[in-house]
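Enquirer: need a 3D model of the following:
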Amino acid sequence: MRRDTPHSLMRRSELLAIRSSDIDWGRRRLKVSETKNGSSRTVPLTLKAATILSKYSHAVLYFRLAPDSLSQAFRRAVKAEALIDLTFHDLRHEAIIRLFETGLSIPQVAGISGHNDYRMLARYTHLHPVDLD
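Expert: This is a model prediction of the structure:
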C-alpha cells in the first residue's frame, strides 16, 4: 500500500466512533476502542488520512452519521460511478490485502486489522502456489 493511500481497514462501526481524543497526532496513530471483538487496538494513519482528520481536529466526534446512512451513501456513490458488486466491507478487504502485499506478517496485519483469529485473516491472503516459489 502506498503510504499516501487513504485505505481504511476499519469496520464501519469503528470509523463512525472516531473521536479526536483517540488520535495521537505526533505518532499518527488512532486508538480504536469500540471493536467487534471487544479488544481495543491502535492503527497507523497514513499521512493523507492524518491530514484529512486534522482539518476537523476540533470535532469531538468526527462522523455524526448513523451506520445505515453511511451504507446508503456508499451504495449511492457506487451506483453513481456505475461500479458493480462493491460493498463498504470491500474497502477493508482491499486494505488488508495491500498490507500483505507490502510484506507485513500475519501477526502485524492482525494487530492492525483487529483479527484475533489468524484463520479468519487467512481469507484475505489469496496465496497461490506460484506465489510461494
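Enquirer: now the strands for this protein?
Expert: All strands of the chain, identified by DSSP state E, fall at 23-24, 29-32, 41-44.
Enquirer: which one of those strands is the most hemmed in?
Expert: Neighbour counts (mean count of other Cβ atoms under 10 Å) averaged over each of the strands of the chain peak at strand 29-32, with a mean of 17. Quick note: C-beta positions are derived from backbone N, CA and C, even for glycine.
Enquirer: from what I can see residue 30 touches residue 22, true?
Expert: Yes: Residue 30 lies in contact with residue 22 (Cβ atoms under 8 Å); the separation is 5.7 Å.
Enquirer: okay, now residue 65: neighbour count?
Expert: Residue 65 has 15 neighbouring residues, counting by other Cβ atoms under 10 Å.
Enquirer: with residue 48 instead?
Expert: Applying the criterion other Cβ under 10 Å, we find 14 residues in the vicinity of residue 48.
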